[in-house]
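Chemist: Build me a model from this:
(chains A and B)
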Amino acid sequence: MATFTIAKLVIREVVRRKLILALLALTVLAVALTGWGFSRIPTLTQRGVPIGEDQVKLIASQLLILVMFMFGNIIALSSVFIASPALSGDLESGVALSMLARPIARREYVLGKWLGLAGLVIAYAIASIAVELVAIQIAVGYLPPRPVEFALFLVGRGIVLLTFALLLSTRLSGMVGGVIALVLYGMAWLLGVVGGLGATFGNETIERVGTVSKLILPTDGLWRGAVYHLEPAIVLAGANAAGPAAAANPFYSPAPPPLAYLVWCVFWILGVLALAMLSFRRREA
Amino acid sequence: MTEAALRTADLTKRYGKIGALKGLTLDVPRGAVFGFLGPNGAGKTTAVKLLLGLSRATSGEAWVLGAPLSDARRHREARRRVGYLPELFRYQGWLTSREVLALHCELMRLERPRWAAEIDRALAVVGLAGRERDRVSTYSKGMQQRLGLGCALLGHPDLVLLDEPTSALDPVGRHDVREIIRELKGDGVTVFLNSHLLSEVEQVCDRVAIVDEGRVIASGTFDELLAGDSVRVRVTGLPDGALASFGAQVDRDGDWTVIRGIRGDRIPDLIAEVVRLGARVYAVEPAHESLEDRFLSLLGKDQGH
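Modeler: The predicted structure is shown next:
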């Protein structure tokens, strides 16, 4: 099936161009540095006394959220960088001409690209998160409460951005599509914070801005889901006791997103992918 | 009657207000080597892209190996038997040429056991054997065009569309391409050759359409297209004024008699009359225009404007 031919080609290109090698090398470096950093936490002292084990785990949990924020951003940005030129680049260079003249439907070409890219994002995200968590477990003996759920949310966010960038790639050059996707990604994150401020101050209109932005581009909504699954119970209990004031904190989430939101995200991805196929079908090669 | 390899009916393509192709109507018989000739920007590449579904027609219809453009599924199936070398030929530089050819075997759904033989054949035909393990990014432009031609020949297609196939080739490469086209013709493959090189078309094509500003301005076999309206005959023993009824003007030029304004199909009658009158015929030379003269006159460029 042509879809799998294209998907294999995408993976082969990334491997052959040594992108995977570069990412893996940088990831190993990041894991080594953060692992060393985490291993230093137990050496911290408070008024000359070493901090207790609970405090070590509390610090490790919050530091882990920041580290995973970085990893999450690497996954998100990489998704945009590889998807935004995926179709437009092939058309601009002429590589697509001889392939699209073959007995292949445009939708198969788009789906093949999506599958290949999604496979890469999933593989890289799972591998890098797993290695980082193992390193931290070894360094300080801490593991977040629900690492699998966390990884799935982060992968989901990567897939959302990847699908969106692929849609833009059906009509816009890689550079333009990439910039648009990144700006909207940043805006969605910021509007999530703004919505949180609305919740903190009980302003429904501002709160709704955050909710709507989470529906339009569900990257921040999925990030909040990821963060929730990293928070240890003690932090959740403490923050919940503090009331809605913590809602604006982009590194905190008091509750997982409702199931309906996850269903919406799945439909969002499928809908945007279908739109990409439709758009590419009408695109002049 | 076998259907045409390619047929278009009033095929039109507009980009906004610009008409790239204005009602193209063509018939390319099976087994023909068809030259699609025109100056740069005439609409040749647009026509090929429309035929292959790479671009969408504004109106009109086209059939590729009997499959209409409007029936996407049938058209897609028909493309299994079509080879195509784009004008803008670019292949994955990070693959070897062998891998590029294998990719195309897979895309055209060729049975896997045939791949190796097909790839070897294509590499040998286009002269890339020995370089097939090198990455395409290390190839010269000419070699990349040869690779593109190899892709177009995979799987013994029934129809091959070549868009300016020698644009990056040296004289040896151009000669090789002409030989490949002749071999394709020998195998009964229909070749649609897009070119602005008159000599290239003249040497390999048996039918031609001349296109300018999105319209076909002349088409047919070379005989039909280039036939002049005069004939020179070298005869002796011909009475003066005997042939006046055959042409608008009859002149003597030494041993030669030149009859102007005569249709090609009247020449046998003319010779029969000469013989009937008891004259002796030594030579008959129907006048032919050169393709270049005909091309320029059709484009309205023969007066230097």
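
Chemist: from here on, contacts and neighbour counts on C-alpha atoms
Modeler: Fine.

Chemist: The most centrally placed residue in chain B: which element?
Modeler: Per C-alpha atoms, centre = their mean, the C-alpha nearest to the average position across chain B is that of residue B:35, at 1.4 Å. Using DSSP states H and E, residue B:35 falls within strand B:33-37.

Chemist: Quick one: mean pLDDT over the next helix or strand along the chain from that strand.
Modeler: Once the chain leaves strand B:33-37, the next helix or strand it forms, by DSSP H and E, is helix B:44-51. The average pLDDT within helix B:44-51 is 95.

Chemist: Just want the angle from helix B:44-51 to strand B:33-37.
Modeler: 130 degrees (axes from the mean of the first three to the mean of the last three C-alpha atoms, to 10 degrees).

Chemist: Can you name the residues in contact with helix B:44-51?
Modeler: With contact meaning C-alpha atoms under 8 Å, 6 or more residues apart in numbering or on different chains, helix B:44-51 is reached by A:285, B:13, B:20-21, B:36-38, B:55-57, B:62-64, B:69, B:87, B:161, B:163, B:194, B:211, B:214.

Chemist: follow-up on the earlier one: please name the residues that touch the residue nearest to the centre of chain B.
Modeler: Here residue B:35 is in contact with B:192-195, B:201, B:205-209 (criterion: C-alpha under 8 Å, 6+ apart).

Chemist: For residue B:43, state which of the residues you listed is nearest.
Modeler: Distance to residue B:43, by C-alpha to C-alpha, is smallest for residue B:194 among the contacts of residue B:35, at 10.1 Å.

Chemist: Could you dump the contacts of residue B:35 into JSON lines and include secondary structure?
Modeler: Compiled in JSON lines, the contacts of residue B:35 are given as follows (DSSP: H, G, I helix; E, B strand; the rest coil):
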{"residue": "B:192", "secondary structure": "strand"}
{"residue": "B:193", "secondary structure": "strand"}
{"residue": "B:194", "secondary structure": "strand"}
{"residue": "B:195", "secondary structure": "strand"}
{"residue": "B:201", "secondary structure": "helix"}
{"residue": "B:205", "secondary structure": "coil"}
{"residue": "B:206", "secondary structure": "coil"}
{"residue": "B:207", "secondary structure": "strand"}
{"residue": "B:208", "secondary structure": "strand"}
{"residue": "B:209", "secondary structure": "strand"}
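
Chemist: Now, of these, which are buried?
Modeler: Burial of those was assessed by neighbour count (16 or more other C-alpha atoms under 10 Å in any protein chain shown); the buried members are B:192-195, B:201, B:205, B:207-209.

Chemist: Farthest pair within those residues?
Modeler: Applying C-alpha to C-alpha across the buried ones among the contacts of residue B:35, the maximum distance is between B:195 and B:207, 13.1 Å.

Chemist: rewinding a little: report the rounded mean pLDDT for the strand holding residue B:35.
Modeler: 95.

Chemist: Output that strand in PDB with nothing but the alpha carbons.
Modeler: What follows is strand B:33-37, C-alpha atoms only, in PDB (Å, rounded to 0.1, in the frame of the first residue of the first chain):
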ATOM      1  CA  VAL B  33       6.200   8.900 -31.000                       C
ATOM      2  CA  PHE B  34       4.400  12.200 -30.600                       C
ATOM      3  CA  GLY B  35       6.200  15.400 -30.400                       C
ATOM      4  CA  PHE B  36       4.600  18.200 -28.500                       C
ATOM      5  CA  LEU B  37       6.500  21.200 -29.700                       C
END
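
Chemist: What are the phi and psi values at residue B:25?
Modeler: Backbone torsions of residue B:25, given as degrees, to the nearest 10, read phi -120, psi 120.

Chemist: Next, find the distance separating the residue nearest to the centre of chain B from chain A.
Modeler: Going from residue B:35 to chain A by C-alpha to the nearest C-alpha, to the nearest Å gives 20 Å.

Chemist: where's the residue lying closest to that residue once chain neighbours are set aside relative to residue A:39, distance?
Modeler: Leaving aside its chain neighbours, residue B:35 sits nearest to residue B:208 (4.4 Å; criterion: C-alpha to C-alpha, 6 or more residues apart in numbering or on different chains). Noted for residue B:208: a distance of 78 Å to residue A:39, by C-alpha to C-alpha, to the nearest Å.

Chemist: before we move on, back to that, which members of the contacts of helix B:44-51 occur in strands, if any?
Modeler: Of the contacts of helix B:44-51, the ones assigned to strands by DSSP state E are B:13, B:20-21, B:36-37, B:62-64, B:161, B:163, B:194, B:211.

Chemist: And for residue A:13, the neighbour number?
Modeler: Number of residues near residue A:13 (other C-alpha atoms under 10 Å in any protein chain shown) recorded here: 17.

Chemist: just the one 3 residues further on next, same as before
Modeler: Here the number of neighbours of residue A:16 (other C-alpha under 10 Å) works out to 13.

Chemist: contacting residues for it?
Modeler: With the criterion set at C-alpha under 8 Å, 6+ apart, residue A:16 makes contact with residue B:94.

Chemist: Show the pLDDT at the closest residue to residue B:123 other than its chain neighbours.
Modeler: Once flanking residues are discounted, residue B:123 sits nearest to residue B:129: 5.1 Å by C-alpha to C-alpha, 6+ apart. Note for residue B:129: predicted pLDDT of 92.

Chemist: Repeat that for the one 3 residues further on.
Modeler: In this model, residue B:132 is scored at 92, pLDDT.

Chemist: And what about it, helix, strand or coil?
Modeler: Going by three-state DSSP: residue B:132 is coil.

Chemist: list the buried ones in the helix or strand harbouring residue A:60?
Modeler: Using DSSP H and E, residue A:60 sits in helix A:53-83. Neighbour counts over helix A:53-83 (16+ other C-alpha under 10 Å) mark A:56-58, A:60-62, A:64-65, A:67-69, A:71-72, A:74-83 as buried.

Chemist: Could you list every helix and strand in contact with that helix?
Modeler: helix A:106-140, helix A:147-169, helix A:174-200 (3 or more C-alpha pairs under 8 Å, 6 or more residues apart in numbering or on different chains; DSSP states H and E).

Chemist: Many thanks, we can stop here.
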